[in-house]
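Asks: Okay, sequence plus prediction incoming.
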Amino acid sequence: MTATVSVGAKLTQIREARQLSVGQLAERSELPEDLIRQIEHGDFIPSLTPLIKIGRALGVRLGTFLDDVEHLGPIINRKGHLAKAVRFAGKSQASSGELDFHALAQGKSGRNMEPFLISILPGTDRTFPLSTHEGEEFMYVLSGRIEVSYGKDQHQLNEGDSIYLDSIVPHHVHAFGEGSARILAVVYAPF
């Protein structure tokens, strides 16, 4: 199931609860005011990097933008019953080369990691904007092939391969070749 969760509506709700203006949030997160307005209005769905900066500025973890209710006990995801996907790149309409994130710990209170099942659509554009943020990432290829741009290096991974990287190094993940790919990813971003 692929749908777009309203990251913008959640951002607006949290910002207003903190009694911050868009300008104040922009200053605290070191992001342009226009970008925050675009996110809040649903005109742009950001990559993880600006969301992590916004989360820090608001004093919330990355997963807060995906959660509706928090649970103290374990979170179990059954095969075939994934959370709705969130698209963290580009416009809200699907296009090639984008990533659909299915949160695997949605609702788990106090978590330090963000596990995702990610579907990666093949793309034709071979120029990828690199992102950087504090933390670490682990990716395991479930199907297809991916390429990870990491600094100046390119790493191709096949089904069954994995990579663990420092997120502070500029990086990008995309499908490699003609087909789509599916990965299990765990992101750790310090609060």
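Replies: That came through, no problem. Residues are numbered from 1 along each chain as shown.
Asks: Please make it C-alpha for all contacts and neighbour counts, starting now.
Replies: Noted.
Asks: neighbours of the spatially closest residue to P190 that is not a sequence neighbour, just the number please.
Replies: Nearest in space to P190, with sequence neighbours left out and distances taken as CA to CA, 6 or more residues apart in numbering, is G135 at 6.0 Å. Burial measure for G135: 16 neighbouring residues, criterion other CA atoms under 10 Å.
Asks: What of T132?
Replies: 18.
Asks: Give me the distance between it and R111.
Replies: 21 Å (CA to CA, to the nearest Å).
Asks: Can you show me the helices along this structure?
Replies: 7-17, 22-29, 33-40, 48-58 (DSSP state H).
Asks: got the domain boundaries for this protein?
Replies: 7-65, 86-188 (automatic domain parsing).
Asks: start to end distance for the first one?
Replies: Okay, so that is domain 7-65. 6 Å.
Asks: quick one on the thing from earlier: how about the domains of the chain in a markdown table, adding mean pLDDT and distance to I75?
Replies: Formatted as a markdown table, the domains of the chain follow (pLDDT from 0 to 100; distance: least, CA to CA, whole Å):
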| stretch | mean pLDDT | distance to I75 |
| --- | --- | --- |
| domain 7-65 | 87 | 14 |
| domain 86-188 | 83 | 6 |
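Asks: With respect to R78, which of these lies nearest?
Replies: domain 86-188 (10.0 Å; CA to CA).
Asks: circling back to that earlier point, and among the helices of the chain, the most buried is which?
Replies: helix 48-58 (a mean of 20; mean count of other CA atoms under 10 Å).
Asks: Format the domains of the chain as CSV; extra columns: distance to N77.
Replies: Shown next, in CSV, are the domains of the chain (distance: least, CA to CA, whole Å):
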stretch, distance to N77
domain 7-65, 16
domain 86-188, 7
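Asks: thinking again about what came up before, tell me which of the helices of the chain lies nearest to S167.
Replies: helix 48-58 (9.4 Å).
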